[in-house]
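Visitor: from the sequence below, what's the structure:
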Amino acid sequence: MANIPSFTPQPTADGSFTFFSEAFGEYFHSTQGAKTEALLKFVEPCHLKQKAQQQVVRLLDVCYGLGYNTAAALETIWIINPRCRVELVALELDPTVPRSAIAHHFLSGWNHPIPEFLEGLVTTSEVKTDQLQAQLYFGDARKSIQHLSQLNFQADAIFLDPFSPRRCPQLWTVEFFQHLANCCAKTGRLATYSCAAAVRSGLMTAGFKIGPTPPVGGRQPGTVTSFDASTLPPLSERSRQHLQTRAAIPYRDPQLRDQAEIILQRRQIEQQASTLEPTSHWQKRWSAKEG
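Guide: Residues are numbered from 1 along each chain as shown. Got it, this is the predicted structure:
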């Protein structure tokens, strides 16, 4: 890793660091606290402290990025049960991102042997030890998830952490979610930072039940899913009504290969033809109630 990629570390509110993506125009993690976000938006909603009691825990990290979500998951699991074996599959578009995080020592604050394991994962795309069996797939996650679905991988926890739907709609579509559902164990959970109505309705269309997760800093709440609604916190009345508006029309990518512009345009056309309540009406109604 002699050649450090041209990402500049950006401090976040909890002392951890993130990068800014020029390609997507967004930060990789919340500036309110990158490490805090990994724990509160991904690890805790997936109940990894409880799942750590198992002999084996299987993780699927969609958009591995800097490696924070995986590092936080491994640390949480092994503090509870050092003998738990973790089977990890991670998907990442750009190999320069995790390589740059390693080069800038972003993962050095996590417990041994996590930094060493993840440096090996980023360097060779796999780790095989008694504690951790991990595979990192680089490239379009839409292709990787189809391969994983064919292998019948069943995750106990799925972290869904792409850039926002307006920047990266390719990984927020009903079709992509359906493959995630295929890769989720019956008692598994999926967590994401997004609370967008289109995301939540897309997850529901794919067969998931949904609930909210707490906000990090001043940001919006996230979303957690399972196949059993009784295990999830309930949505607020406001959020339930949001799912009945045009904002809830999901993103679609029938062949899992369309460019972002086509996916966005397809949804816009569907919204314009929809008979659902305009989202602006919902906003005005709730602004009046809460004013």
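Visitor: skipping its backbone neighbours, what lies nearest Ala25 in space?
Guide: I think there's a mix-up here, since residue 25 is Gly and not Ala. Closest residue to Gly25 apart from its sequence neighbours, by C-beta to C-beta, 6 or more residues apart in numbering: Arg167 at 6.4 Å. The way it works is simple: take the backbone N, C-alpha and C, and place the C-beta from them, glycine included.
Visitor: got the contact list for that neighbour?
Guide: When contacts are counted by C-beta atoms under 8 Å, 6 or more residues apart in numbering, Arg167 touches Phe24, Gly25, Glu26, Ala260.
Visitor: those strands in this protein, which residues are they?
Guide: 10-11, 17-18, 20-21, 26-27, 56-62, 85-92, 126-128, 132-138, 155-160, 184-192, 209-213, 222-226 (DSSP state E).
Visitor: can you list those in TSV and add mean neighbour count?
Guide: TSV is the format used below for the strands of the chain (neighbours: other C-beta atoms under 10 Å):
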stretch	mean neighbour count
strand 10-11	12
strand 17-18	22
strand 20-21	16
strand 26-27	15
strand 56-62	22
strand 85-92	22
strand 126-128	15
strand 132-138	19
strand 155-160	26
strand 184-192	21
strand 209-213	20
strand 222-226	25
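Visitor: could I get those in TSV, plus columns for mean pLDDT and distance to Ser144?
Guide: TSV is the format used below for the strands of the chain (pLDDT from 0 to 100; distance: least, C-beta to C-beta, whole Å):
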stretch	mean pLDDT	distance to Ser144
strand 10-11	94	28
strand 17-18	93	24
strand 20-21	91	19
strand 26-27	90	22
strand 56-62	98	9
strand 85-92	98	5
strand 126-128	97	14
strand 132-138	98	4
strand 155-160	98	13
strand 184-192	98	15
strand 209-213	97	24
strand 222-226	97	20
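Visitor: among the contacts of Arg167, which are in helices?
Guide: Members of the contacts of Arg167 lying in helices (criterion: DSSP state H): Ala260.
Visitor: buried subset of the contacts of Arg167, written for ChimeraX?
Guide: Here is the ChimeraX selection string for the buried members of these, based on 16 or more other C-beta atoms under 10 Å:
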select :24,260
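Visitor: and the contacts of Arg167, which two are the farthest apart?
Guide: Glu26 and Ala260 (13.5 Å; C-beta to C-beta).
Visitor: where's the residue nearest to Gly25 relative to Cys63, distance?
Guide: 12 Å (C-beta to C-beta, to the nearest Å).
Visitor: so, low pLDDT: which residues of the stretch 1-150 of the chain?
Guide: Scanning the stretch 1-150 of the chain with the threshold set as pLDDT under 70 gives 1-6.
Visitor: next, the contact list for Gly211, please.
Guide: Contacts of Gly211 by C-beta under 8 Å, 6+ apart are Thr223, Val224, Thr225, Ala229, Leu232, Pro233, Pro234, Leu235.
Visitor: can you redo those residues as JSON lines with distance to Asn111?
Guide: Output for those, formatted as JSON lines (distance: C-beta to C-beta, whole Å):
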{"residue": "Thr223", "distance to Asn111": "29"}
{"residue": "Val224", "distance to Asn111": "25"}
{"residue": "Thr225", "distance to Asn111": "29"}
{"residue": "Ala229", "distance to Asn111": "35"}
{"residue": "Leu232", "distance to Asn111": "30"}
{"residue": "Pro233", "distance to Asn111": "29"}
{"residue": "Pro234", "distance to Asn111": "35"}
{"residue": "Leu235", "distance to Asn111": "35"}
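Visitor: okay, helices next: where are they in this structure?
Guide: 34-37, 48-51, 68-80, 96-103, 114-124, 141-150, 174-182, 197-205, 237-242, 260-273, 279-290.
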